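Visitor: Sequence and predicted structure below; questions after.
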2 protein chains.
Amino acid sequence: MSKEISSRSQDYSQWYNDLVIKGGLADHSEVKGCMVIKPYGFALWEKMRDQLDRMFKDTGHVNAYFPLFIPKSFLSREAAHVEGFAKECAVVTHYRLMKDPNGDGVVVDPSAKLEEELIVRPTSETIIWNTYRDWIRSYRDLPLLINQWANVVRWEMRTRLFLRTTEFLWQEGHTAHATAVEAIAETRQMLDIYASFAEEYMALPVIRGVKTPNERFAGAVDTYCIEALMQDGKALQAGTSHFLGQNFAKAFEVKFSDKNNQLDYVWATSWGVSTRLIGGLVMAHGDDDGLILPPRIAPLQVVIVPIYKGEDRKDLLDARGRELAGQLKAAGVSVKFDDNDNNRPGFKFAEYELKGVPVRIAMGLRDLDNNSVEVVRRDTKEKQNRSADGLVEYVRELLEEIQQSMYNKALVYRDQHITRADSLEEFERLLDEKGGFILAHWDGTAETEEAIKEKTKATIRCIPLDSVEEDGKCIFTGRPSRQRVLFARAY
Amino acid sequence: MSKEISSRSQDYSQWYNDLVIKGGLADHSEVKGCMVIKPYGFALWEKMRDQLDRMFKDTGHVNAYFPLFIPKSFLSREAAHVEGFAKECAVVTHYRLMKDPNGDGVVVDPSAKLEEELIVRPTSETIIWNTYRDWIRSYRDLPLLINQWANVVRWEMRTRLFLRTTEFLWQEGHTAHATAVEAIAETRQMLDIYASFAEEYMALPVIRGVKTPNERFAGAVDTYCIEALMQDGKALQAGTSHFLGQNFAKAFEVKFSDKNNQLDYVWATSWGVSTRLIGGLVMAHGDDDGLILPPRIAPLQVVIVPIYKGEDRKDLLDARGRELAGQLKAAGVSVKFDDNDNNRPGFKFAEYELKGVPVRIAMGLRDLDNNSVEVVRRDTKEKQNRSADGLVEYVRELLEEIQQSMYNKALVYRDQHITRADSLEEFERLLDEKGGFILAHWDGTAETEEAIKEKTKATIRCIPLDSVEEDGKCIFTGRPSRQRVLFARAY
């Protein structure tokens, strides 16, 4: 192989970086904490974005676009919000450069100082609710169901490609409703859409839950989330959906008149997923040979590699390869016929394994004679020699089978890594030896939550929506508890 | 009508703003110079973006994403580039806020000052070519055909919705080639794609040309452009495609080894169109009743409005309306059946005229009896009563006819407004009395170009690609000229 990849078991963190960089998804940039999303990574993001966008539109949402910059004073309007974001804001203070009077380059022009500094949006609740004030007058203007695809910036000291970057791409939904009931229903609907997307398209099983007050979005009444499990036993928050109550409506004075002509503040939700999902995809499915991408979001589903022996019947092989590619394409499969002469088949095989292309088809001279091809699936590496007849239908079924099989494998792993712990000792041993999610009793206080995190590095990922009431004792304080919550060490 | 629109002839500028704001395309924001793109405007941008994206991908381009921030020192690497952009840069100087020690809000944390300031990208040549240095080694890595959809910021003192805003959305293609010939061919190919898009989708005839050195992109060897004409006789630059030579490769040390193992600098192009196109669309086609959108990019192509008389056969009208909407949708037409009870048909008619929906279908009780509908096209306001039989096919043809007819109308107007002038007096009279493009001789110097601009407010839009050599005398200096160039007052 041309590109050495670290082994997952020996250096998980380096393995992840190798898959991202050598797999062609992203690269570091010279701007601290910002990444370059490379063409293959961006093609993957486009597939994910387009599917999410369809799901948003099918549920009545429309897209819009709000300014990148937020006046500094807007942040302060909602007390919890500014508390949450002030420490990681990129601040624009000037709007012009000038020639350096003492040198060759350019310097900030001190006379071009902004009266009020602008924040590069870390999230857009404030600028959007400031706009909604002009858009909402009566209940007839509600609900307002708007989404935005955008870049956001949160200044991070320690960054990792996709998982935590200073700038990232995301979507942020911001909806306005006449009643709390409607807004809560919207919050839950979007959580369900995220869960469906993760499970049906990313082959990533997730646990739906609600965050503890400690872990809530800054300004939310309730934060719902989906939590996924990575192959190193750590959890990844894969999407959040917030019920914002009337907090932002009050901060920005957004009122509506209801059917009885009574004025009330508007109810809000916001919800988002980001390019972070790509990091989750890499870590949940990859192996020591590279990425493994689920067929439904893979930029390239099938690659066809011809195996030439010199010029012997090269034309015929090319013709057969192109014909098959054309048939697959006509059947809605994304496919590439790779007849690049610069690289040998073995190199190509390794390259497409690294890139996680779900199905590889190889055809050589003997295949020409036998009317057969070799089909290899990326997830299990299983090889089959098959007749070229009926191949298109077979490949389509195989892609679906790979999709399901990847989900099932991740689900089995995830379910094997949800463990109950009834003492702090057991809890810590599980974290160190097995990893994964741990269901344990907690006394419900922020202090205990913080103390457990301090001692074990595990956080409460969520209170699962499907958890059942059960009397127990907090693993840390021994105080009574009515319900287990979901702990894990997390990204 | 509920929303008063200024008349085009009385106040063109206010008329434009009314169409943009009341037509639901965009709104001012509280951030100086930044706009909010409203859902209807964003849906229009999505249609335009998706079509352009298809055209880019069909010609072998892929999308990627580069950082929003550019280190200040990068800008200085290319001398002309920094000269062009330094005066309009938003500068990030700090990365944290803190509680105001003297008050309620937050202030910039002085201890969180960046060592090197970051510029919010006004365009991405510098950060991209800095990245290409790592991506390009040999001729086998070329051509590199990458496009990016992104937001950019150029600090503008005088802004107008869509036409000139501090932040705008655009695409920027950045390609790398082994030879100048290839790079020039790419530059011209993209110009042709922009022209096809403008003419075939936006129904906007354009003139292809090359800019004078004065009007070149900062850092380009040659800037090609498409120029369109608005209804007030002013020109609008609708897209540019730049041949960058080896300027950026030299500034960022990007070399490749050719087939003979010789090192050489890489050849570059860049090309872009932006949300500014939406401003051009509004100004080229709108009338005193509102927007007129070309069917191929209209977010909504057909609206069906039922005309009830109380409850009389309301169910039947609804059923027929929905059935027709379903048939149109199945035929690939985007359609809305508007049975909103809050608004009367007259209000709806005006609203959809304002929004420029190409075709309106109204159906009342008499239509039920006669198996007919009323069809009104937005561009000419022509009304027809038609049998409901064969309506889907008729509507599809009508949409195509509207598309062609809008283009033809704009073309006739444009061609009537290309005039030759052979003296400065004639030139000025034409500008003041007729407007439009003026073909005139120019002596080829930047000084004369500047002097004409100073005196007449007209600029050289381009040297048209199809212009023929012709001996003449510069209208300003009387010096000899071999070719007429295209002047206009412009946005």
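Guide: Nice, I can see it.

Visitor: residues of stretch A:106-126 that come out buried?
Guide: A:106-109, A:112, A:114, A:117-126 (16 or more other CB atoms under 10 Å in any protein chain shown). All C-beta spots, glycine's among them, are computed from the backbone N, C-alpha and C.

Visitor: And those residues, which is closest to A:Asp422?
Guide: The nearest member of the buried residues of stretch A:106-126 to A:Asp422, counting by CB to CB, is A:Thr123 at 38.5 Å.

Visitor: The closest one should be in a strand, yeah?
Guide: No: judged by DSSP: H, G, I helix; E, B strand; the rest coil, A:Thr123 forms no part of a strand; its state is coil.

Visitor: what about it, distance to chain B?
Guide: 15 Å (CB to the nearest CB, to the nearest Å).

Visitor: My guess is that residue contacts A:Val152. True?
Guide: Yes: between A:Thr123 and A:Val152 a contact is recorded at 6.1 Å, counting by CB atoms under 8 Å.

Visitor: Touching both of these two, which residues are there?
Guide: Residues within reach of A:Thr123 and of A:Val152 at once, by CB atoms under 8 Å, 6 or more residues apart in numbering or on different chains, are A:Glu172.

Visitor: in whichever helix or strand A:Arg396 is part of, what counts as buried?
Guide: According to DSSP states H and E, A:Arg396 maps onto helix A:391-416. Across helix A:391-416, burial judged by 16+ other CB under 10 Å covers A:391-392, A:394-396, A:398-399, A:402-403, A:405-407, A:409-410, A:413-414.

Visitor: Secondary structure element for A:Leu293, which one?
Guide: Assigned by DSSP H and E, A:Leu293 belongs to neither a helix nor a strand.

Visitor: could you measure the closest residue to it other than its chain neighbours against A:Gln301, distance?
Guide: In this structure, A:Leu293 finds its nearest non-sequential neighbour in A:Gly356, 3.9 Å apart by CB to CB, 6 or more residues apart in numbering or on different chains. Per CB to CB, to the nearest Å, A:Gly356 is found 11 Å from A:Gln301.

Visitor: Looking at those two, which has the bigger crowd around it?
Guide: Legend: neighbour count by other CB atoms under 10 Å in any protein chain shown for A:Gly356 and A:Gln301, higher for A:Gly356 (28 against 24).

Visitor: Tell me who's in contact with that one.
Guide: Counted by CB under 8 Å, 6+ apart, A:Gly356 has contacts A:23, A:285-286, A:290-293, A:298, A:378.

Visitor: just A:Tyr491 next, same as before
Guide: Going by CB under 8 Å, 6+ apart, A:Tyr491 touches A:160, A:163-164, A:230, A:234-237, A:279.

Visitor: at 7 Å what do you get?
Guide: Counting by CB atoms under 7 Å, 6 or more residues apart in numbering or on different chains, A:Tyr491 touches A:163, A:234, A:236.

Visitor: Also A:Asp222?
Guide: So A:Asp222 contacts A:210, A:242-243 (CB under 7 Å, 6+ apart).

Visitor: Most neighbours among the residues you listed, which one?
Guide: Neighbour counts for these (other CB under 10 Å) peak at A:His242, which has 29 neighbours.

Visitor: Need the nearest residue in space to that residue, chain neighbours excluded.
Guide: Nearest residue to A:His242, sequence neighbours excluded (CB to CB, 6+ apart): A:Ala220, at 4.0 Å.

Visitor: Would you mind writing the CA trace of the helix or strand bottoming out on mean pLDDT in chain A as PDB?
Guide: Lowest mean confidence among the helices and strands of chain A (mean pLDDT, DSSP states H and E): helix A:79-85, at a mean of 89. This file holds the C-alpha atoms of helix A:79-85, laid out as PDB (Å, rounded to 0.1, in the frame of the first residue of the first chain):
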ATOM      1  CA  ALA A  79     -28.000  36.000  29.900                       C
ATOM      2  CA  ALA A  80     -27.300  32.300  29.700                       C
ATOM      3  CA  HIS A  81     -26.500  32.600  26.000                       C
ATOM      4  CA  VAL A  82     -23.700  35.200  26.400                       C
ATOM      5  CA  GLU A  83     -22.400  33.200  29.300                       C
ATOM      6  CA  GLY A  84     -22.100  30.100  27.100                       C
ATOM      7  CA  PHE A  85     -20.500  31.700  24.000                       C
END
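
Visitor: what's the spacing between it and its chain's center?
Guide: Mean-position distance between helix A:79-85 and its chain equals 24 Å (CA atoms, centre = their mean, to the nearest Å).

Visitor: Report the separation between the one residue sitting closest to the centre of chain A and B:Gly24.
Guide: In chain A, the residue lying closest to the centroid (CA atoms, centre = their mean) is A:Leu277, at 1.6 Å. From A:Leu277 across to B:Gly24, the span is 32 Å (CB to CB).

Visitor: Partner strands of the helix or strand just after the least confident helix or strand of chain A, with direction?
Guide: Downstream of helix A:79-85, the next assigned helix or strand under DSSP H and E is strand A:91-94. Taking DSSP bridges as the criterion, strand A:91-94 forms sheet pairs with strand A:113-120 (antiparallel), strand B:91-94 (antiparallel).

Visitor: How about residues contacting the shortest one?
Guide: Contacts to strand B:91-94, defined as CB under 7 Å, 6+ apart, come from residues A:90-94, A:97, A:108, A:120, B:69, B:108-109, B:112-114, B:117-120.

Visitor: try 8 Å
Guide: Contacts with strand B:91-94, where a contact means CB under 8 Å, 6+ apart, come from A:90-97, A:108, A:120, B:69, B:72, B:108-110, B:112-114, B:117-120.

Visitor: how about the strands in the stretch 1-150 of chain A?
Guide: A:26-28, A:35-37, A:62-63, A:69-71, A:91-94, A:97-99, A:106-108, A:113-120, A:144-153 (DSSP state E, counting those that start in this stretch).

Visitor: Neighbouring strands of the last one in the sheet, and parallel or not?
Guide: I take that to be strand A:144-153. strand A:62-63 (parallel), strand A:167-177 (antiparallel).

Visitor: tell me the mean pLDDT for that strand?
Guide: For strand A:144-153, the mean per-residue pLDDT is 98.

Visitor: Mind exporting the C-alpha coordinates of that strand to CSV?
Guide: Extracted in CSV, the C-alpha atoms of strand A:144-153 (Å, rounded to 0.1, in the frame of the first residue of the first chain):
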residue,chain,number,x,y,z
LEU,A,144,-42.3,30.1,11.1
LEU,A,145,-40.2,27.1,10.1
ILE,A,146,-36.8,28.3,8.9
ASN,A,147,-33.4,26.5,8.5
GLN,A,148,-30.1,27.9,7.5
TRP,A,149,-27.0,26.1,6.1
ALA,A,150,-24.0,28.1,7.2
ASN,A,151,-20.5,28.3,8.5
VAL,A,152,-20.0,29.1,12.2
VAL,A,153,-17.0,29.9,14.4
